[in-house]
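Visitor: fold the following for me, if possible:
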Amino acid sequence: MEPSADETVTGAAYGGSRLTGDLEAPGEYAFDGRGELATQPGVPPEPAPEDSEILEAIEAQGDWMTEILARLVRARTTLGNEEAGQAVMRFTLREDLHLEPVDVLMDAEALRAHPQAAPFDWSLEGRSNVVAIWGPDGSGEISGRSLILNGHIDVVSPEPLGQWGAHEPFGADRDGEWMIGRGAADMKCGLAAIVGAVRGLRSLGLAPRAPVTIESVLEEECSGNGTLQTLLAGYTAEAAVIAEPFGAAITTSQVGVLWFSVRITGVPGHAAEGRNATNAIEKSLAVIGALRGLESDLNAAPPAPYDLFAHPINLNVGTIRGGDWPSTVPGECVTGYRIALYPNMTLDDLKARIEALVAEATADQPGSAEVYYNGFASHGYELADDHELVTTLAGSFARQAGVPPALVATTGTTDASVFGNVAGIPAVCFGPFAEAAHGVGERVYLPSVIQTAQVMGLFIRDWCGLSR
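Guide: Numbers count the residues shown, from 1 in each chain. Okay, the predicted model is just below:
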């Protein structure tokens, strides 16, 4: 999950328990940074007679899911280093779920040729997504609806390491019912819930009546190209659920995200004669100021549902590289940015506004300015709250939790946009309760992993159908 800068869920309910915040009544959720409660879809239906068997079988996988999650967290799967985590997923799919994992290799040529792929300048060599299909029981008859259960194995850097205190970022430490570590929240907890749901159903001798595709993908944190690669390889379905940790909520709307860099060229010189030189780092400050103006404009009149947010569009100055000597006026500075866009905006329009602002901010100074793009180039995505995928998943949740889920928007982006915008596959996010994604002390509430798996188990039956 590419989260917003202000993403913490402050209220949620799991099995009727309250984690943090004050809930005025069962089923009411308070969200900070991810959107207000949008709707609560109807009265929870009565539990079906067969629900308890599924719920108990998946709950019995709780310790196993925790162990799988710990193994995944201990794999340091930053960009380009995902293989250790994918090895855990292959082993789990083959040995524990008795499925046949397939490597879907990243193909730089195919991705660069695709009009909706994100640009990239890093190596894809030898890196692969892992996919397995859990199909009908062998009769060949498909009577249900197909489904993709998707999660990403990649994590962001845990820097600065010195702020983690007693916790090693990849240690998978336990603190009561929480697991701490980079990726514990975003989003290896979701992968653990996916395989836990399937293992629980298989323990009952059940099989889906339509194919269920399990995906562990790369590059969700920087491009979305991992999920795109699985689509190019032919893996498709009638719906997709991404197990991102939004906690007791179904995410139906998300912003798009654009990564871009600005290279400022100044005029280097000796610091003692600085007035005769042009400082590229200081020129970058003018660009940052101009882009802050764009951020303010985008937040002035947000469309629904983003009008529920105090500040839905966030410009982040994420990287800066400039200068190499304190007594030399720096002749070059490269600054990397992230900015979001609403679902009703286009990337081309946003790029044009950025390029015009950069040109204007640097027009009166010697040197040059260049805007270039690398990484996320994602449009926003929305799915109607009354779409059958949303209402079916909401019903599955309600029978497990006894209350309906919140339907929310997010000011971050996920691979739901890839499924929806590229392939026309309806997609939502639903996953465990977690805190501090991308931050120090990132952690997940372990009972919520079990609940997510239980809801997924019910949903597989409700969406795909199950047979003995």
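Visitor: please confirm that E273 is located within a helix.
Guide: Yes. Secondary structure assignment (DSSP: H, G, I helix; E, B strand; the rest coil) places E273 inside a helix.
Visitor: and it, how many neighbours?
Guide: Counted with other CB atoms under 10 Å, residues neighbouring E273 total 9. Where C-beta positions appear, they are placed from N, C-alpha and C, glycine not excepted.
Visitor: ok, now which ones touch it?
Guide: Residues near E273 by CB atoms under 8 Å, 6 or more residues apart in numbering: none.
Visitor: and the one 10 residues further on, by the same measure?
Guide: With CB under 8 Å, 6+ apart as the criterion, the residues that contact K283 are I264, G266, C333, T362, Q365, G367, A369.
Visitor: my reading is that D154 lies in a helix. Confirm?
Guide: No. D154: not assigned to a helix; according to three-state DSSP it is coil.
Visitor: ok, back up a step: restricted to strands, list the contacts of K283.
Guide: I264, C333, A369 (DSSP state E).
Visitor: reformat the residues you listed as JSON lines; add distance to L291 and neighbour count.
Guide: Listed next are those as JSON lines, based on distance: CB to CB, whole Å; neighbours: other CB atoms under 10 Å:
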{"residue": "I264", "distance to L291": "13", "neighbour count": "29"}
{"residue": "C333", "distance to L291": "14", "neighbour count": "22"}
{"residue": "A369", "distance to L291": "12", "neighbour count": "22"}
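Visitor: and of those residues, the nearest to M1?
Guide: C333 (30.2 Å; CB to CB).
Visitor: from the contacts of K283, which two are the most distant?
Guide: C333 and Q365 (12.4 Å).
Visitor: spit out the residues that contact these two alike.
Guide: G266, K283.
Visitor: tell me the domain boundaries of this protein?
Guide: 13-254+380-467, 256-378 (automatic domain parsing).
Visitor: lowest average confidence across those, which one?
Guide: Of all these, the minimum mean pLDDT falls on domain 13-254+380-467 (a mean of 89).
Visitor: now it: how far from the chain's centre is it?
Guide: The chain centre lies 9 Å from the centre of domain 13-254+380-467; the measure is CA atoms, centre = their mean, to the nearest Å.
Visitor: cool, and stretch 299-318?
Guide: Worked out by CA atoms, centre = their mean, stretch 299-318 lies 18 Å from the chain centre.
Visitor: could I get the buried residue list for that stretch?
Guide: N299, P302, P305, Y306, F309, H311, P312, I313, N314, L315 (16 or more other CB atoms under 10 Å).
Visitor: test my guess that the third one contacts T251.
Guide: No. Taking contacts as CB atoms under 8 Å, P305 lies outside contact range of T251: 11.1 Å.
Visitor: and for those two, which residues touch both?
Guide: Counting by CB under 8 Å, 6+ apart, the residues touching both P305 and T251 are A409.
Visitor: which residues of the stretch 51-200 of the chain fall in helices?
Guide: Ranges of helices within the stretch 51-200 of the chain are 51-59, 62-74, 83-91, 108-113, 189-203, based on DSSP state H, counting those that start in this stretch.
Visitor: which helices and strands does the shortest one pack with?
Guide: Which is helix 108-113. Where contact means 3 or more CB pairs under 8 Å, 6 or more residues apart in numbering; DSSP states H and E, helix 108-113 is packed against helix 225-232.
Visitor: what's the first helix or strand after the helix it packs on?
Guide: Next in sequence after helix 225-232, counting helices and strands by DSSP states H and E, comes strand 240-242.
Visitor: got a list of contacts for whichever helix or strand comes after that next one?
Guide: Later in the chain than strand 240-242, the nearest helix or strand by DSSP H and E is strand 249-254. For strand 249-254, the external contacting residues (CB under 8 Å, 6+ apart) are 9, 12, 29, 31, 34-35, 38, 244, 305, 343, 380-385, 387, 390, 393-394, 397, 405-414, 416-417, 428-430.
Visitor: what about the closest residue to P208 other than its chain neighbours, distance to V212?
Guide: Excluding the flanking residues, the one nearest P208 by CB to CB, 6 or more residues apart in numbering is C464, at 4.1 Å. Taking CB to CB, to the nearest Å as the measure, C464 falls 6 Å from V212.
Visitor: higher neighbour count, these two?
Guide: Ranked by neighbour count (other CB under 10 Å), C464 and V212 place V212 first, with 27 against 24.
Visitor: what sits against the more buried one?
Guide: I133, W134, G135, S146, L147, I148, L149, V198, I460, C464.
Visitor: so what sits opposite it in the bridge?
Guide: Judged by DSSP bridges, the bridge partners of V212 are W134, L147.
Visitor: overlap of the contact sets of C464 and V212?
Guide: What both C464 and V212 touch, as defined by CB under 8 Å, 6+ apart, is the set S146, L147.
Visitor: hang on, the earlier thing: now, of the domains of the chain, which is deepest in the fold?
Guide: Among these, ranked by average contacts under mean count of other CB atoms under 10 Å, first place goes to domain 13-254+380-467 (a mean of 21).
Visitor: ok, now how distant is the closest residue to P160 other than its chain neighbours from E159?
Guide: Using CB to CB, 6+ apart and skipping the chain neighbours, the partner closest in space to P160 is V440 (8.0 Å). Distance, V440 to E159, using CB to CB: 10 Å.
Visitor: ok, now D386?
Guide: 43 Å.
Visitor: ok, now N316?
Guide: Distance from N316 to E159, by CB to CB: 15 Å.
Visitor: you'd agree S123 is up against G80?
Guide: Yes. The pair S123 / G80 is scored as a contact, 6.8 Å apart, by CB under 8 Å.
Visitor: still on that earlier bit, now distance to E219 too, for the helices of the stretch 51-200 of the chain, in TSV please.
Guide: TSV is the format used below for the helices of the stretch 51-200 of the chain (distance: least, CB to CB, whole Å):
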stretch	distance to E219
helix 51-59	30
helix 62-74	17
helix 83-91	12
helix 108-113	10
helix 189-203	15
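Visitor: mind checking these for the one nearest to K351?
Guide: Using CB to CB, those put helix 108-113 closest to K351, at 18.1 Å.
Visitor: now the closest one - C-alpha only, PDB.
Guide: Output of helix 108-113 as PDB, limited to C-alpha atoms (Å, rounded to 0.1, in the frame of the first residue of the first chain):
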ATOM      1  CA  ALA A 108      11.200  -5.000 -18.800                       C
ATOM      2  CA  GLU A 109      10.500  -4.900 -22.500                       C
ATOM      3  CA  ALA A 110       6.900  -5.900 -22.200                       C
ATOM      4  CA  LEU A 111       6.300  -3.400 -19.400                       C
ATOM      5  CA  ARG A 112       7.900  -0.500 -21.200                       C
ATOM      6  CA  ALA A 113       5.800  -1.200 -24.200                       C
END
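Visitor: now do the contacts for the nearest residue to M1 once chain neighbours are set aside.
Guide: In this structure, M1 finds its nearest non-sequential neighbour in E244, 4.5 Å apart by CB to CB, 6+ apart. Contacts for E244 (CB under 8 Å, 6+ apart) come out as M1, G151, D186, M187, G190, T251, T414, C429, F430, G431.
Visitor: with E370 instead?
Guide: V262, R263, T265.
Visitor: please apply the same query to G431.
Guide: M187, C189, G190, A193, I242, A243, E244, P245, F246, G247, T452.
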